[in-house]
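1. predicted model follows, preceded by the sequence.
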Amino acid sequence: MNYILSDGPQRESLLPFTFTRPVAEIRIGILTIREKWEKYLNTAVSFKTEEYLSEKYPMKEAADNVVITSSYLPSQQLLEAISFLKKGEAVFYEDKVVAYRTKNPKENIDFSEYTIINYAGGILTVDQTWDIFSKNGEAIQADFDLITKGRKSAPISGTNKLICPENMFVEEGAIIEHSILNATKGPIYIGKNAEIWEGCLIRGAFALCDNAIVKMGAKIYGPTTVGPSGKVCGEINNSVIFGYSSKGHDGYLGNAVLGEWCNIGAGSNNSNLKNNYAKVRIWNYATEKFDHTGLQFCGLMMGDHSKTAINTMLNTGTVIGVNANIYVPGFPRNFVPSFSWGGASGFSTYMPKKAFEAAAVMMERRGVKFDDKEARILEHVFELTKKWRNY
């Protein structure tokens, strides 16, 4: 069977992260959504996404295909429902399509011609940007159980203080010294060749992915994820940091999501709670307005390749697009469009040529090439987001 992960209607509500990736490449828990499905299905999957993303994330078609909506995270119960799909059948959850079987995955499906199977089991979904951090604890636990089942953790150095060590798993090559790890409230997973430097205080749930680093003296409380090759320090609470991003200095990051290739300058802080304790509203690209999250705690959403200078202050519920550069004193507005340059005193357009030069240098430092595919995606995002830049 050929499996395809489709962006589905949730894509717009997951911007700015889906400007530069399919929904399936969002990281929540330890793994990306794609990686989760590939482990459950025991096979590689491909993507049904926007045309401008398809060069980097192509769709593989076959004579018989199962198309799965990427915003639904896998479980054994859901996998069983999908595995038994016959041609002309679809799995629905609360009147929304989860998966269907088809000969032609590119066609627009008329589900009135399908036999509908209503799924009534438990399910974890990512429908809004804030779901990525608010549901990260459940996702870490599910991934931890999946990844560590039947396996034995590598030993943890005796220089550390461990609380509830049976709820920790360390991959080969990881280094942890002179730190305190507490997995009482959730599991702690440390990936291959990851490092936790001296003097760190870490409280689960926590996932440090392959080759990522926690620098000296960090205070991290979960549920928090640091993606592959990420680098963090300071105080972090209930945040998800995608791969290759850095928050490498003191400062607070809370109830936040950072895309890839982001950098948070030294001493930068985000607010995650309003002074009047009201529920937070946040910019939603799908509705083009500030929507209610229903959350009292909601901090920063930052798209790929965006950066802050030192001592940047960010208000509660701030959304920053792709390739934004914030560098002047004061609080910038709480929606910063992609390819913006400036801060509280105003913005100008961050032209692609300059943005790409910075991206190429940052990526080269991590041994990754900024190639033409990446440039074409970002050029398309620049055009897509013009309507929000009034400068």
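-> Done, it's in.
2. wait, Gly217 touches Cys200, no?
-> Yes - counting by Cβ atoms under 8 Å, Gly217 sits close enough to Cys200 to count as a contact (6.7 Å). No exception for glycine: its C-beta is placed from N, CA and C like everyone else's.
3. the two: which has the busier surroundings?
-> Neighbours were counted for Gly217 and for Cys200 using other Cβ atoms under 10 Å; Cys200 has more, 22 against 15.
4. could you check how far the more buried one is from Lys279?
-> Separation of Cys200 from Lys279 (Cβ to Cβ, to the nearest Å) stands at 33 Å.
5. His292 too?
-> His292 is 6 Å from Lys279, by Cβ to Cβ.
6. same check on Leu78?
-> 30 Å.
7. who's more crowded, these two?
-> Using other Cβ under 10 Å as the criterion, Leu78 and Lys279 rank with Leu78 on top: 22 against 13.
8. so Phe290 is in which element?
-> strand 289-292 (DSSP states H and E).
9. in that strand, which residues are buried?
-> Buried residues in strand 289-292, defined by neighbour count with 16 or more other Cβ atoms under 10 Å: Asp291.
10. kindly report the same for stretch 280-294.
-> Applying 16+ other Cβ under 10 Å to stretch 280-294 flags Val280, Arg281, Ile282, Trp283, Asn284, Tyr285, Asp291, Thr293 as buried.
11. now stretch 203-214
-> Of the residues in stretch 203-214, those buried (16+ other Cβ under 10 Å) are Arg203, Gly204, Ala205, Phe206, Ala207, Leu208, Cys209, Asp210, Asn211, Ala212, Ile213, Val214.
12. show me how far it is from its chain's centre.
-> 14 Å (Cα atoms, centre = their mean, to the nearest Å).
13. with stretch 280-292 instead?
-> The answer for stretch 280-292 is 19 Å, by Cα atoms, centre = their mean.
14. who touches that stretch?
-> With Cβ atoms under 8 Å, 6 or more residues apart in numbering as the test, stretch 280-292 has contacts from 12-13, 15-16, 128-130, 274, 279, 293, 295-298, 301, 316-317, 319, 334-335.
15. avg pLDDT for stretch 190-201?
-> Throughout stretch 190-201, pLDDT has a mean value of 98.
16. stretch 362-374 too?
-> If you average the pLDDT values across stretch 362-374, you get 94.
17. same question, stretch 214-231
-> Stretch 214-231 comes out at a mean pLDDT of 97.
18. OK, contacts around the closest residue to Ser338 other than its chain neighbours?
-> Nearest non-adjacent residue to Ser338, counting by Cβ to Cβ, 6 or more residues apart in numbering: Gly321, 3.2 Å away. Gly321 makes contact with Pro16, Phe19, Gly303, Ser306, Val336, Pro337, Ser338, Phe339, Ser340, Thr385, Trp388 under the criterion Cβ under 8 Å, 6+ apart.
19. any idea how far Gly321 lies from Asp304?
-> Taken as Cβ to Cβ, the span from Gly321 to Asp304 is 9 Å.
20. quick one: common contacting residues for the two?
-> What both Gly321 and Asp304 touch, as defined by Cβ under 8 Å, 6+ apart, is the set Pro16, Phe19.
21. mind checking pLDDT for the residue nearest to Ser338?
-> So, for Gly321, pLDDT stands at 98.
22. then Glu107?
-> The model's pLDDT for Glu107 equals 88.
23. how close does it sit to Gly217?
-> 55 Å.
24. buried ones in stretch 353-362?
-> Ala355, Phe356, Ala358, Ala359, Ala360, Met362.
25. let's verify the closest residue to the second one other than its chain neighbours: helix, strand, or coil?
-> Just to be clear, that refers to Phe356. Excluding the flanking residues, the one nearest Phe356 by Cβ to Cβ, 6+ apart is Ala375, at 5.9 Å. Following DSSP: H, G, I helix; E, B strand; the rest coil, Ala375 is assigned to helix.
26. tally of neighbours for Ala375?
-> Around Ala375 there are 15 residues (other Cβ under 10 Å).
27. please look at it and Lys353 and confirm they touch.
-> No - using Cβ under 8 Å as the test, Ala375 is too far from Lys353 to be in contact (10.1 Å).
28. got the contact list for Asn263?
-> Ser245, Ser246, Lys247, Gly248, Lys307, Thr308, Met362.
29. turn the buried residues of stretch 280-294 into TSV, columns for secondary structure and pLDDT.
-> Output for the buried residues of stretch 280-294, formatted as TSV (DSSP: H, G, I helix; E, B strand; the rest coil; pLDDT from 0 to 100):
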residue	secondary structure	pLDDT
Val280	coil	97
Arg281	strand	96
Ile282	strand	97
Trp283	strand	96
Asn284	strand	94
Tyr285	coil	94
Asp291	strand	94
Thr293	coil	96
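30. that older thread, in its sheet, what does the strand holding Phe290 sit against?
-> The strands beside strand 289-292 in its sheet (DSSP bridges) come out as strand 281-284 (antiparallel).
31. okay, the strand it pairs with in CSV with CA atoms only?
-> C-alpha atoms of strand 281-284 as CSV (Å, rounded to 0.1, in the frame of the first residue of the first chain):
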residue,chain,number,x,y,z
ARG,A,281,-5.9,36.1,21.2
ILE,A,282,-3.4,35.4,18.4
TRP,A,283,-3.1,36.2,14.7
ASN,A,284,-4.6,33.5,12.5
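32. immediately after the helix or strand encompassing Val319, which helix or strand?
-> Val319 is part of strand 318-320 when elements are defined by DSSP H and E. Moving toward the C-terminus from strand 318-320, the next helix or strand (DSSP H and E) is strand 325-326.
33. after that next one, next one along is what?
-> Following strand 325-326 in sequence, per DSSP H and E, is strand 335-336.
34. could you name the helices and strands sitting against that next one?
-> strand 318-320 (3 or more Cβ pairs under 8 Å, 6 or more residues apart in numbering; DSSP states H and E).
35. ok, which stretches of this structure are helices?
-> 33-41, 76-83, 131-134, 136-148, 352-365, 372-384 (DSSP state H).
36. distance to Leu181 added to those helices, as TSV?
-> Below are those laid out as TSV (distance: least, Cβ to Cβ, whole Å):
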stretch	distance to Leu181
helix 33-41	24
helix 76-83	29
helix 131-134	21
helix 136-148	14
helix 352-365	29
helix 372-384	36
